[in-house]
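> heads up, no residue letters with this:
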């Protein structure tokens, strides 16, 4: 009995080995599907699984099927590093997508660079691609770009003095720093600079301070999760009659639901084409890809699409596009092809990479949106 | 010739560390091995504090955080070599443990647990909020130890994974050796007496307060070294290392393996480091399985996995 079992096990292993050896492109991913960053990682994981399924049903890339190995690092950089090592050494993948947070991305990238495996990060921080590292790319625009987009809009409205209220979580703190760094270039001064903890249930104290600061013409709230919704509600309760700007961190329908359509009325934020899929004009280069992703994702998961799942979609798109163009699934060839990505329309924007630009997006990828009657509208 | 418990424990450890790589199918297993060793070092510290002296700490990740961030910050700001930064981190942890330990070790049971918990959370908050210094929740990069390069120049070319596997293995053996020596020393006997009954220990002339403090300081140094090694190995560190969950993990590893025995605690560290890797297929149920394993061990093997298994093997009447 024992012997039969061993033989069967061996045979199965051999069979597995045989299928693995025949045409198959192995792609690895480590995202934060659970834990504090699950709101990022969960849609990312679902998106990747859905896209791999889709592409394999359509015959794969260059006739080869894609095998996705997906790990959940729970937002822990230590785990992410272990999974990256496992993906490369044990699962022998040719490319890695992932790192939902900046911390996990930074952990994965050092392993990927050491082993010369292309890596596409899904996190915001600019450190990931600046300075440029040969094998590391990313899809989300940086916090700095979000700040620039917001300040551009403020400039158009002749706003020169603002108050900021930022979350102390990774996202909020990083964006707060970037915004303060770049604000001077737009002739805008930050007169009040308040923070809140991501778990706080009331921000009226901070908002009152901002309201009482002389000269404040608008308020900016970098942060994600529930914080910005509470800020928005408190803002209306205090009847502050100044424009309120939110960040791309809350660019999803969930924000309007949480804050309430009434409180969210008039809130502006830089968002992606995904949020206004139904309003995109015919002929917009992003329209086909945004429509296809939105329909497929909503049908498959029953939840509405968000910016974060879109990052994973774009990473996968860039990768498959590169493998197709390279005609090879060798890590070096994939890397070279990713770097020459040009005019590739994703859900976040149109990507054009180069040797010194491993993000490939510019400010035009952001669209300034305003919430009107509980719906997203584009600010012209 | 019959080996003493100390020598046999060390021998088992050395043989396991040296021979395991024979079975490794890929480089990834060196990484897992190195992680087990790093965790085991911290857990050996918990054995000294909880297993020997009978005190509980739910904030030891705070010391791991200090060790980790010492390796990230000291080379940048003080120009120290990362290896000296490890020593500096251990020294800071020791001083801090001494300062913090003096008042809080007067507490007992839940109160001591809560006070140490508070300390751990405090360190984690500082690391999260002092953005200019620590990079905040996004973390910061840690410079290379440089030892691997030196070995390569000396003609010993190891991969990154291999290097950290053997390096952490050596540190673990040293850590275990020290802990075992302490166990058999007069201090160790006094600690165990204190564990049995503080009142009885005091009546026979044991300086209870001083000994508890000593155990706390030593275990803090263990946690700090473990944090430093993790930071140097990962070359990137975030405040998670000082997080509450990491403290709980340390205690859980110690309790699971057997908090009274060094080898048991190392075994516990190995099981709890490996489980999440084995359970990736059921990632969503990982917490559930971990909780279940913990409960079953507490109910059926209250002394921990390894001591209970050993007793089974040797026969019950020992």
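Thanks, I have it. Owing to the predicted nature of the structure, the values given are computational and were not obtained by experimental measurement.
> which element is the residue nearest to the spatial centre of chain B on?
What sits nearest the mean C-alpha location of chain B, by C-alpha atoms, centre = their mean, is residue B:42, with 0.7 Å. Per DSSP states H and E: residue B:42 is located in helix B:28-46.
> Going by neighbour count, list what's buried in that helix.
Using 16 or more other C-beta atoms under 10 Å in any protein chain shown as the test for burial, helix B:28-46 gives B:28-46. Placement of C-beta: from N, CA and C, glycine included.
> Which ones among these also lie next to chain A?
Intersecting those with the contacts of chain A gives B:28-29, B:31-32, B:35 (criterion: C-beta under 8 Å from any C-beta of the partner chain).
> Any chance of CSV for the residues you listed, columns pLDDT?
Converted to CSV, these look like this (pLDDT from 0 to 100):
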residue, pLDDT
B:28, 91
B:29, 93
B:31, 93
B:32, 94
B:35, 95
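> I'd like to know which of those is nearest to residue B:146.
Nearest to residue B:146 among those, counting by C-beta to C-beta, is residue B:31 at 19.6 Å.
> Contacts only, for that closest one.
A:81-82, A:85-86, A:89, B:161, B:164-165 (C-beta atoms under 8 Å, 6 or more residues apart in numbering or on different chains).
> And the buried ones among those, selectable in ChimeraX?
Selection of buried members from the contacts of residue B:31 for ChimeraX, criterion 16+ other C-beta under 10 Å:
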select /A:81,82,85,86,89 /B:161,164,165
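> In helices, which of the contacts of residue B:31 appear?
Those of the contacts of residue B:31 mapping onto helices are A:81-82, A:85, B:161, B:164-165, per DSSP state H.
> Dump these to a markdown table, plus distance to residue B:242.
Formatted as a markdown table, the ones in helices among the contacts of residue B:31 follow (distance: C-beta to C-beta, whole Å):
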| residue | distance to residue B:242 |
| --- | --- |
| A:81 | 17 |
| A:82 | 19 |
| A:85 | 23 |
| B:161 | 25 |
| B:164 | 21 |
| B:165 | 25 |
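> hmm, stretch A:193-205 touching chain B?
No. Stretch A:193-205 stays clear of chain B (C-beta under 8 Å from any C-beta), getting no nearer than 9.1 Å.
> what comes into contact with that stretch?
By C-beta under 8 Å, 6+ apart, the residues outside stretch A:193-205 that reach it are A:163-169, A:172-173, A:176, A:180, A:206-207, A:209-210, A:223, A:225-227, A:230-231, A:234, A:237-238.
> And it, what's buried?
Of all the residues in stretch A:193-205, those buried under the rule 16+ other C-beta under 10 Å are A:193-196, A:198, A:200, A:203.
> With respect to pLDDT, which of these ranks lowest?
Across the buried residues of stretch A:193-205, the bottom pLDDT score, 80, is held by residue A:198.
> And for the closest residue to it other than its chain neighbours, the neighbour number?
Closest residue to residue A:198 apart from its sequence neighbours, by C-beta to C-beta, 6 or more residues apart in numbering or on different chains: residue A:169 at 4.4 Å. Residue A:169 has 24 neighbouring residues, counting by other C-beta atoms under 10 Å in any protein chain shown.
> and residue A:169, backbone torsions?
Residue A:169 has phi and psi values of phi -70, psi 170 when expressed as degrees, to the nearest 10.
> Am I right that it is in contact with residue A:223?
Yes. At 6.8 Å, residue A:169 counts as touching residue A:223 under the criterion of C-beta atoms under 8 Å.
> residues contacting the residue nearest to the centre of chain B?
Counting by C-beta under 8 Å, 6+ apart, residue B:42 touches B:60, B:64, B:222-223, B:226-227, B:250, B:269.
> Pretty sure residue A:269 sits in a strand.
Yes. Using DSSP: H, G, I helix; E, B strand; the rest coil, the assignment for residue A:269 is a strand.
> tell me which residues form a beta bridge with the nearest residue to it once chain neighbours are set aside?
Closest residue to residue A:269 apart from its sequence neighbours, by C-beta to C-beta, 6+ apart: residue A:246 at 4.1 Å. Under the criterion DSSP bridges, residue A:246 forms beta bridges with residue A:221.
> Poorly predicted segments of chain A, please.
Across chain A, residues meeting the criterion (pLDDT under 70) sit at A:1-23.
> need the strands for the stretch 201-350 of chain A, in chain order.
A:218-221, A:244-246, A:268-271, A:344-345, A:350-351 (DSSP state E, counting those that start in this stretch).
> need the ones you listed in CSV with mean neighbour count, can you?
Putting these into CSV (neighbours: other C-beta atoms under 10 Å in any protein chain shown) gives the following:
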stretch, mean neighbour count
strand A:218-221, 25
strand A:244-246, 26
strand A:268-271, 24
strand A:344-345, 18
strand A:350-351, 20
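> picking that back up, would you enumerate the residues in contact with the residue nearest to residue A:269?
A:221, A:228, A:232, A:255, A:267-269.
> If we only consider these, which is nearest to residue A:152?
residue A:268 (11.5 Å).
> Grab the nearest non-local neighbour of residue A:319.
Excluding its sequence neighbours, the residue lying closest to residue A:319 (C-beta to C-beta, 6+ apart) is residue A:95, at 5.6 Å.
> Now do the one you found against residue A:49, distance only.
To residue A:49, residue A:95 is 16 Å away according to C-beta to C-beta, to the nearest Å.
> who has more neighbours, those two?
More crowded of residue A:95 and residue A:49, by other C-beta under 10 Å: residue A:95, with 29 against 16.
> The more buried one pairs with what?
Taking DSSP bridges as the rule, residue A:95 bridges to residue A:27.
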